[in-house]
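Undergrad: model this:
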Amino acid sequence: MRQARVSDHGAIVRRVQQWWGDSRTPEQARELSLLLPKLFLQFFSSTSLVLEDEDGIRAFLVGFYSADNDVEAYIHFVGVDPKLRGQGAARRLYTTFFQRAAEAGRTEVRAITSPGNTGSIAFHRAMGFTLETGDRVIDGLPVHTDYDGAGHDRVCFHRKIAERRPVKVR
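TA: Numbering: from 1, shown residues only. This next block holds a predicted model:
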């Protein structure tokens, strides 16, 4: 595992289109890859991670620390080669991100997914995330209506990763 680099962008976009190509049309997979413009690696490569081997990138996590507060971090996009799913690759990426975020003084991590992405919802719950209250409930899930624009509802997750230590005054 290593820190992501700007030069990883093209390979990551190709992986998204390939890895999600079995569950989406080519156009839908291409649209999904648009959620990863190069700017994420230009400005957040130090907080993003890549798992690779001799075959290239096999999994990645794009995440960052909030610029508006000093407690939160956010996991924006994670991809794992379908051949590696269920083998702990995503868990390793998340655990490493949590550790690094905690070392940087962050105490909370947030993430989102679509209400229909049952695999992602189950994974986040298994990783200790709680579901944030939404403005409506669909199939027992709290949903944030139009979170990413009209018709783009999301399930929002939150997880504490560390406690803030009080500063000792001497």
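Undergrad: contacts, neighbours, all on C-alpha from now
TA: Fine.
Undergrad: the spatially closest residue to Met1 that is not a sequence neighbour: neighbouring residues, count only.
TA: Spatial nearest neighbour of Met1, excluding adjacent residues (C-alpha to C-alpha, 6 or more residues apart in numbering): Leu51 at 4.5 Å. Per other C-alpha atoms under 10 Å, the neighbour tally for Leu51 reads 19.
Undergrad: which SSE is immediately downstream of the lowest-mean-pLDDT helix or strand in the chain?
TA: When each helix and strand of the chain is scored by mean pLDDT, DSSP states H and E, helix 26-33 comes last, with a mean of 86. As assigned by DSSP states H and E, the chain's next helix or strand after helix 26-33 is helix 39-44.
Undergrad: tell me the domain boundaries of the chain?
TA: 1-103, 107-170 (automatic domain parsing).
Undergrad: out of these, which is the most enclosed?
TA: Mean neighbour count, computed with mean count of other C-alpha atoms under 10 Å, is highest for domain 1-103 among the domains of the chain, reaching a mean of 17.
Undergrad: determine how far that domain lies from the middle of the whole chain.
TA: 7 Å (C-alpha atoms, centre = their mean, to the nearest Å).
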